[in-house]
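> structure for the following, please:
(chains A, B, C and D)
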Number of protein chains: 2
Amino acid sequence: MHPHFSTKERILSAAEELFARHGFQGASLRQVTAAANVNLAAVNYHFGSKDNLINEVFRRRLDELTERRLDALKAAKGQAKPTLDAILEAFVEPALTLASDKIGGAAFMRVLARAYAEHDQSLRKFLSDNYGYVLKSFAAAIQELMPELDKEALYWRLDFIAGALAYAMSEFGMVKRPAGRSEEEHRRHAAHEFVRFATAGLRAP
Amino acid sequence: MHPHFSTKERILSAAEELFARHGFQGASLRQVTAAANVNLAAVNYHFGSKDNLINEVFRRRLDELTERRLDALKAAKGQAKPTLDAILEAFVEPALTLASDKIGGAAFMRVLARAYAEHDQSLRKFLSDNYGYVLKSFAAAIQELMPELDKEALYWRLDFIAGALAYAMSEFGMVKRPAGRSEEEHRRHAAHEFVRFATAGLRAP
DNA sequence: TGTACGCTCAAACGCGCGTTTGAACGACGG
DNA sequence: CCGTCGTTCAAACGCGCGTTTGAGCGTACA
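Below you'll find the predicted structure:
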C-alpha cells in the first residue's frame, strides 16, 4: 500500500487531535496508534517515547508559526509609523492562519492552550527553550512603541493578554459560534475582537 | 486523635494542590491520599469517585467566591451612580482575596486555569450548570451601563477578562512579587492593574 | 453493658498504561 | 539468489491506576 502520508505523519496528526481532545495524559498511545492506523510499537520506534512524541507535535507546528510571527513583526516594525495594532496583529494573525488553513490546525490551537496550563517541567522547558524568545521579541517591540509605560505594568498587561488568548482559544467561555457563521469567519471574528480588546487594554491610562 | 482538619478537608486540600501541580489525570488518588495522610479508600468512601472529588474541589471554593461576587455586585449597583470600575472591582476583588488570603488559594487558581483547558464534558457541564449564571449577572450589569456595546462583543470581552484573571492569578506569567512588597500589597497592586486593564479593554472603541 | 454506626484500614481486584522484544516482511544492491 | 536494513507486527512485560472488599476500630446511645 502507498498511503499519502507516512507512518510518522499519521501518528503526529492523530496525536495532535487526541491530545487536544483528552489531554497529554488522557490520550493513550493505544488510542493514538489506533486512530492513525499504525502498530502500537511504531510510536516508540519512530519517536522513542511518548514524551518525545509530545515535543514533536509542537515542533511540527511551532517552527513555522514562529517564523511567520517574526516575519510579520519585522514587517510591522519596518512600517513608517508602526502601530500597536500592527504589532498585536503580527502576533495573532499567523496563529489564525495556522488555526484555520491547515488540516488539524484548530486541534493544535487547543493543544497549545493545554500546554499553557501544564506545569510539567519537561514540556515547559522544551517550549521555553525553543520558542520563548518570540514572546520576548514582541514585548521589546511594544516597549519601544510605548516608552512611557513602565516595565512592570507592561509585564502585567502581557500576562493578562496571554491569559485572555489561552482562554479564548480553549473555547470555554460564553461565546459560541453562531449557527450561520463558518468556522473560518468565527475565528476571524474572534481574532479581531481580541486585537481590539488587547490594544485597548495595553493603552489603559 | 482530634486533628484540626477532617479527613474530607485534608483530602480536598491535598487534591487541590496535586491537581494544580500535575493535572486531574496526572495526580493519582494514591498521591493524594498519601499527601493528605489518609487511607487510599477514604476518597471513595467520602466522595464516591475521583470524578466527584474533582467536582467537590471546585465546589468548596466556588460557592463562597460566587456569593462574595454577587454581594459585591449588588453593592456596586446600589450606589447612586455605578461605574464600570466598581462592577469590575466586584468581580475581581473576591477572586484576588481567594487567591491570596486562604491557604491553597493560589493552587486553586491554577486548578481553575486547568479546567479552562479541559474539554472533558462532565467537568465543564458541572461548572457551567452551577456557576454559569454569575458571569451572566455581571454581563447584564455591564450591559446596562454600556447600552451602546453590542451583546456579542461584550461576551467576547468578558471571556477575555475571565481568562486573563485566572491565568494572571495562577502565577503562570512573568510577574513575580518583588522582595520588598508584602503579599497584601502585591494583591492590591495586581487588582489595581487588572481593573485598569479590563476597564480599558471593555471600553475599547 | 451491648450493639449499632460512622469511619479507617490493609489487601486485593481487573484493567489499561508505556515500553520492550524478537520474529516476519519487503525492497534493494552485490 | 542471498543478505542487509528499515520498517511493521503480535505478544508480552511490569507497573500503577481507580475501585471494592470485609474486617476492625472507637464512640454514643439504649
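> which parts of chain A sit against DNA strand C?
Contacts of chain A with DNA strand C, taken as C-beta under 7 Å from any atom of the strand, map to A:28-31, A:40-41, A:43-44, A:49-51. Every C-beta, even on glycine, is put in place using the N, C-alpha and C of the backbone.
> OK, contacts around A:Ala204?
By C-beta atoms under 8 Å, 6 or more residues apart in numbering or on different chains, the residues touching A:Ala204 are A:157, B:196-197, B:199-201.
> do you know how far it is from B:Leu88?
12 Å (C-beta to C-beta, to the nearest Å).
> identify the contacts common to these two.
B:Thr199.
> buried members of the residues of chain A next to DNA strand C into ChimeraX, please.
To isolate the buried members of the residues of chain A next to DNA strand C in ChimeraX, using 16 or more other C-beta atoms under 10 Å in any protein chain shown:
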select /A:29,31,43,50
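> keep only those of the residues of chain A next to DNA strand C that are also close to DNA strand D.
Applying C-beta under 7 Å from any atom of the strand to the residues of chain A next to DNA strand C, those adjacent to DNA strand D are A:40-41.
> now, among the residues of chain A next to DNA strand C, which is nearest to chain B?
A:Ser28 (10.5 Å; C-beta to the nearest C-beta).
> which two in the contacts of A:Ala204 are spaced the farthest apart?
A:Arg157 and B:Thr199 (12.4 Å; C-beta to C-beta).
> ok, the two, which is more surrounded?
A:Arg157 (27 against 20; other C-beta atoms under 10 Å in any protein chain shown).
> distance between the helix or strand containing that one and the chain's centre?
For A:Arg157, the host element (DSSP states H and E) is helix A:151-169. Chain-centre distance of helix A:151-169: 15 Å, with C-alpha atoms, centre = their mean, to the nearest Å.
> and for stretch A:141-161?
From the chain centre to the centre of stretch A:141-161 is a distance of 21 Å (C-alpha atoms, centre = their mean).
> using CSV, write out every CA atom in that stretch.
Only the C-alpha atoms of stretch A:141-161 are listed here, as CSV (Å, rounded to 0.1, in the frame of the first residue of the first chain):
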residue,chain,number,x,y,z
ALA,A,141,8.7,45.9,20.3
ILE,A,142,5.8,47.0,22.4
GLN,A,143,8.1,48.6,24.9
GLU,A,144,9.8,50.6,22.2
LEU,A,145,6.4,51.8,21.0
MET,A,146,5.2,52.7,24.5
PRO,A,147,8.2,54.0,26.3
GLU,A,148,6.1,55.9,28.8
LEU,A,149,4.6,52.6,30.1
ASP,A,150,6.7,51.2,32.9
LYS,A,151,8.1,47.7,32.6
GLU,A,152,6.1,46.2,35.5
ALA,A,153,2.8,47.5,34.1
LEU,A,154,3.7,46.2,30.7
TYR,A,155,4.5,42.7,32.0
TRP,A,156,1.3,42.6,34.0
ARG,A,157,-0.7,43.5,30.8
LEU,A,158,1.2,41.0,28.7
ASP,A,159,0.3,38.4,31.3
PHE,A,160,-3.3,39.4,31.1
ILE,A,161,-3.2,39.2,27.3
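> check which residues of the longest helix belonging to chain A are buried.
With secondary structure taken from DSSP state H, chain A has its longest helix at helix A:50-78. Neighbour-count burial for helix A:50-78 flags A:50, A:52-59, A:61-62, A:65-66, A:68-70, A:72-73, A:76 (criterion: 16+ other C-beta under 10 Å).
> could I get the average pLDDT for it?
The average of the pLDDT scores along helix A:50-78 is 95.
> could you point out which residue ranges in chain A have low pLDDT?
Scanning chain A for pLDDT under 70 picks out A:1-3, A:119, A:170-176.
> and the residue of it nearest DNA strand C?
Nearest residue of chain A to DNA strand C: A:Ser28, at 2.9 Å (C-beta to the nearest atom of the strand).
> ok, that residue to A:Ala41 distance?
Distance from A:Ser28 to A:Ala41, by C-beta to C-beta: 14 Å.
> before we move on, what about A:Arg203?
55 Å.
> packing partners for the longest helix of chain A?
Applying 3 or more C-beta pairs under 8 Å, 6 or more residues apart in numbering or on different chains; DSSP states H and E, we find helix A:50-78 packed against helix A:7-22, helix A:29-36, helix A:41-47, helix A:84-101, helix A:105-117, helix A:121-145.
> and these: which comes nearest B:Arg188?
Nearest to B:Arg188, of the helices and strands packed on helix A:50-78 and by C-beta to C-beta, is helix A:121-145 at 24.6 Å.
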